[in-house]
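[1] could you look at this predicted model? Sequence included:
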Amino acid sequence: MTQPDFLTVSRRGLLIAGAASAAASSLPGDAMAATEPPATPGTVPTARVTIDVNGKAHTLNLDTRTTLLDTLREHLHLTGTKKGCDHGQCGACTVLVDGQRINSCLTLAVMHEGAKVTTIEGLGTPRQLHPMQAAFVKHDGYQCGYCTPGQICSAVGMLDEVRRGVPSHVSADLNTRPVLSADELRERMSGNLCRCGAYSNIAEAITEVAGVAT
Ligand code: FES
Ligand code: FES
């Protein structure tokens with residue numbers, strides 16, 4: 001049986017029309033006039049972004065929805081940074097951005113124009129390991145190694161936070177510089193999960209570096 005025209009509109013078409021009319025009805029008249037015409041369905045919004053990664057500037061034309069993690073792994077082929085959960089829950093994707101540790105799966109690359117990003121590949125080299133990398137090797141702070149790049153970047157950022165006096169949830173006194181006790185270490189590294197359960201060796205490695213660096 002032939003259907004009348006109004007019944008042949010696709011579900012996707014209906015959703016787009018509905019979303020467009022809802023957005024339009026919530027805008028005041030002036031704002032509507034200033035609004036850019038909607039992008040043609042199917043076109044990808046892109047932006048040019050320059051990020052310094054491990055001391056080298058990279059200019060990329062990216063889909064604006066690209067996470068920093070995917071930028072590192074898929075566009076720059078720096079696969080040392082791992083994708084575990086992709087939801088900010090495991091810490092495998094931890095990198096340093098302008099010295100601060102962040103979950104790179106939770107942030108868009110376009111938010112970091114001009115930033116300095118350090119990944120595990122930029123911390124040290126196989127011939128000259130960063131002290132935290134050397135300590136992880138010495139204390140066997142891994143089994144499968146999947147969480148290790150994130151653990152190491154996070155530990156480096158964490159020690160810097162302690163040095164700068166940033167308190168944690170378990171710091172008893174917010175007015176004094178925190179000391180990296182076992183409780184502080186556990187709390188501050190709690191965003192980095194290890195499914196192999198190498199926690200005691202990880203803690204030993206970090207404690208050794210902290211003893212030198214803090
Ligand atoms: Fe980013 Fe798990 S992959 S927190
Ligand atoms: Fe395997 Fe941590 S060493 S997940």
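    Nice, thanks for sending it over. Residues are numbered from 1 along each chain as shown. Ligands and ions are numbered 1, 2, ... in the order given.
[2] the closest residue to residue 108 other than its chain neighbours and ligand 1, how far apart?
    Using C-beta to C-beta, 6 or more residues apart in numbering and skipping residues adjacent in sequence, the residue nearest residue 108 is residue 67, 6.0 Å away. No exception for glycine: its C-beta is placed from N, CA and C like everyone else's. Distance of residue 67 to ligand 1, given as C-beta to the nearest ligand atom, to the nearest Å: 9 Å.
[3] quick check: the gap between residue 67 and residue 190.
    22 Å (C-beta to C-beta, to the nearest Å).
[4] equivalent analysis for residue 48, please.
    From residue 48 to residue 190 the distance is 37 Å (C-beta to C-beta).
[5] correct me, but residue 146 touches residue 84?
    Yes: counting by C-beta atoms under 8 Å, residue 146 sits close enough to residue 84 to count as a contact (7.1 Å).
[6] between these two, what contacts are shared?
    residue 92 (C-beta atoms under 8 Å, 6 or more residues apart in numbering).
[7] who does the helix or strand harbouring residue 117 pair up with?
    Residue 117 is part of strand 116-118, with elements assigned from DSSP states H and E. Applying DSSP bridges to the sheet, strand 116-118 is found paired with strand 46-53 (parallel), strand 94-97 (antiparallel).
[8] what's the most buried one of these?
    strand 94-97 (a mean of 24; mean count of other C-beta atoms under 10 Å).
[9] and the spatially most central residue of the chain, how close does it get to ligand 1?
    The centroid of the chain falls nearest to residue 104 when counting by C-alpha atoms, centre = their mean (1.2 Å). With distances taken as C-beta to the nearest ligand atom, residue 104 is found 7 Å from ligand 1.
[10] list the residues that contact that residue.
    Residue 104 neighbours (C-beta under 8 Å, 6+ apart): 67, 68, 69, 72, 81, 93, 94, 95, 97.
[11] again, but for residue 142
    136, 148, 151, 194, 196, 198, 201, 202.
[12] so which of the residues you listed are in helices?
    Counted as lying in helices by DSSP state H, out of the contacts of residue 142, are 136, 148, 151, 201, 202.
[13] check what pLDDT the last one gets.
    Confidence per residue is given as pLDDT, and for residue 202 that number is 98.
[14] OK, contacts around residue 115?
    51, 52, 97, 98.
[15] got it, and residue 120?
    Contacts of residue 120 (C-beta under 8 Å, 6+ apart): 80, 81, 95, 133, 148, 149, 152, 153.
[16] out of the residues you listed, flag the one nearest to ligand 2.
    residue 148 (5.8 Å; C-beta to the nearest ligand atom).
[17] wait, the closest one touches residue 139, no?
    No: Residue 148 is beyond contact range of residue 139, at 11.8 Å (criterion: C-beta under 8 Å).
[18] more crowded one of those two?
    The neighbour count for residue 148 versus residue 139, taken as other C-beta atoms under 10 Å, is higher for residue 148 (24 against 19).
[19] how about the more buried one: what's its closest non-neighbour residue?
    Residue 148's closest residue in space is residue 142 (C-beta to C-beta, 6+ apart), at 4.4 Å.
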